[in-house]
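Undergrad: The following block contains a protein sequence and its predicted model.
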Amino acid sequence: MAGNAIKGAAEAALERWKAEDRPARGEFKYLAPRTTPMDKETGYSTPNFSYAYAAQAVEVEVDIETGHVRIVQVVSADDVGKAINPGLVIGQIEGAIVQAQGYAILEDFQTSGGRVVTDQFSNYLLPTVLDIPSKVESVLLEIPDPVGPWGARGVGELPFLPLVPAITAAIHDAIGVWMNEFPFTPERVLRAMGRLK
């Protein structure tokens, strides 16, 4: 939405520039198309004006003695529309994966009696450079979005969403146990394996 607003404002400013109006300023208000509920007879609806898709494959190592999960590598295929700045898009994907890794493995937010218990970096762990995967491969699928500016799509949270399910499947593949709670802390992994009560 911001991209369409910026594009429209830039085009309006360019028209003023061509008309010798200095400084050339432009304004543009972009409103997303109206959403509609699903028609029960036809199944048709317009629930959102733009969609994007992502798929990920993850390789993990699970230490069966300590329960520690380490992500070795991630392949992330993301439908980004037109990648106007591919390096920036890849950086966004890598950043989202590291953030999602923290969410999936380290960030164990806990409260007690309405108070936050994990309120320090010593007990609410965030990923550091030592935690990130050895390899993150970004596969950019460039299928232009008809509504996005120059065919671009938002990539913000897109790579964040599939990582937990991908890690869950990788842990199952590694140790034969389905995890049903995350973050996948060592205690939870050991408990799922029947090594902790």
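TA: That came through, no problem.
Undergrad: Burial check on the closest residue to residue 102 other than its chain neighbours, number of neighbours?
TA: Using CB to CB, 6 or more residues apart in numbering and skipping the chain neighbours, the partner closest in space to residue 102 is residue 127 (4.4 Å). All C-beta atoms are positioned from the backbone trio N, CA, C, and that covers glycine. Neighbour count of residue 127, defined by other CB atoms under 10 Å: 20.
Undergrad: SS state for residue 127?
TA: coil (DSSP: H, G, I helix; E, B strand; the rest coil).
Undergrad: so it touches residue 103, yeah?
TA: No - using CB atoms under 8 Å, residue 127 is not in contact with residue 103, being 9.3 Å away.
Undergrad: what residues are up against the residue positioned nearest the centre of the chain?
TA: A centroid search over the chain (CA atoms, centre = their mean) returns residue 160, at 2.2 Å, as the residue closest to the centre. By CB atoms under 8 Å, 6 or more residues apart in numbering, the contact set of residue 160 is 96-97, 99-100, 103.
Undergrad: buried ones in the longest strand along the chain?
TA: Longest strand of the chain, by residue count under DSSP state E: strand 69-79. Buried residues in strand 69-79, defined by neighbour count with 16 or more other CB atoms under 10 Å: 69, 71, 74, 76-79.
Undergrad: Compute the distance from the centre of that strand to the centre of its chain.
TA: Relative to the chain's own centre, strand 69-79 is displaced by 12 Å; criterion: CA atoms, centre = their mean, to the nearest Å.
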